[in-house]
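Asks: Fold the following and give me the result.
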Amino acid sequence: MKEKGINKSEVVALLQSGHQERISEAIAMLREHGDSSFLPEVIQELNRTQDSFVEKSILGLLADVKRTDAIPYIVDGIKHASNPEVQRSLVSICWENGMDFCPHISLFVDLVLKKDFLIAFEAFTVIENMEGVVDDAEKQRLVSLIESQLVDIEAEKEGLLLDLVQIIPNIKPAESYEA
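Replies: Predicted coordinates for the structure are as follows:
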């Protein structure tokens, strides 16, 4: 299957090869000619790899993605990450690449509430940097949810939640900011 001058099955085979050089070749091909349809395989390799070079290469590729059609793949990767470190890395990609994850704000609030401090902090950072449309009713629902969890939350995350109660109602659409 050729897409934009790139053979999808060849790239997938390179990604799944288990060899650093071949995986690096696949990532280079994706940087040059890839599209978002390759992201499930890329994220799957991120979950599988034990090689820090491959991990850094994949995370660098994901951080550079600026196509909005990539957002559902990244969100799916966060939801189905096989270990907390991969999940944390994928969440950090969301604020590093600067795309609009506002439609998924409830996922990030859930991560702040339910995951360890490192993942919670990354999810908090995504929310803190959001500029986009979040329905007022959804904002209020999330603030109420957060406030209801303050009683049982561990001390190290309490400050994050208190800050979110202030941040979420003030998320403004990007176009409302003056240049």
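
Asks: Now do stretch 63-79: distance to the chain's middle.
Replies: Remark: stretch 63-79 is offset 6 Å from the chain centroid, using CA atoms, centre = their mean, to the nearest Å.

Asks: Could you list the buried residues of it?
Replies: Neighbour-count burial for stretch 63-79, counted by 16 or more other CB atoms under 10 Å, picks out 63, 65, 70, 71, 73, 74, 75, 77, 78. C-betas here are computed from N, CA, C, even on glycine.

Asks: end-to-end on stretch 74-85?
Replies: 15 Å (CA to CA, to the nearest Å).

Asks: ok, and what's touching it?
Replies: 39-40, 43, 46-48, 62, 65, 86-87, 90-91, 93-94, 101, 104, 107, 111, 115-116, 118-119 (CB atoms under 8 Å, 6 or more residues apart in numbering).

Asks: ok, residue 116 - how many residues close by?
Replies: Other residues within reach of residue 116, judged by other CB atoms under 10 Å, total 14.

Asks: Distance of the residue nearest to it when sequence neighbours are not counted relative to residue 52?
Replies: Leaving aside its sequence neighbours, residue 116 sits nearest to residue 84 (CB to CB, 6 or more residues apart in numbering; 6.5 Å). Distance from residue 84 to residue 52, counting by CB to CB, to the nearest Å: 16 Å.

Asks: who has more neighbours, the two?
Replies: Per other CB under 10 Å, whichever of residue 84 and residue 52 has more neighbours is residue 84, with 12 against 8.

Asks: Good, wrapping up.
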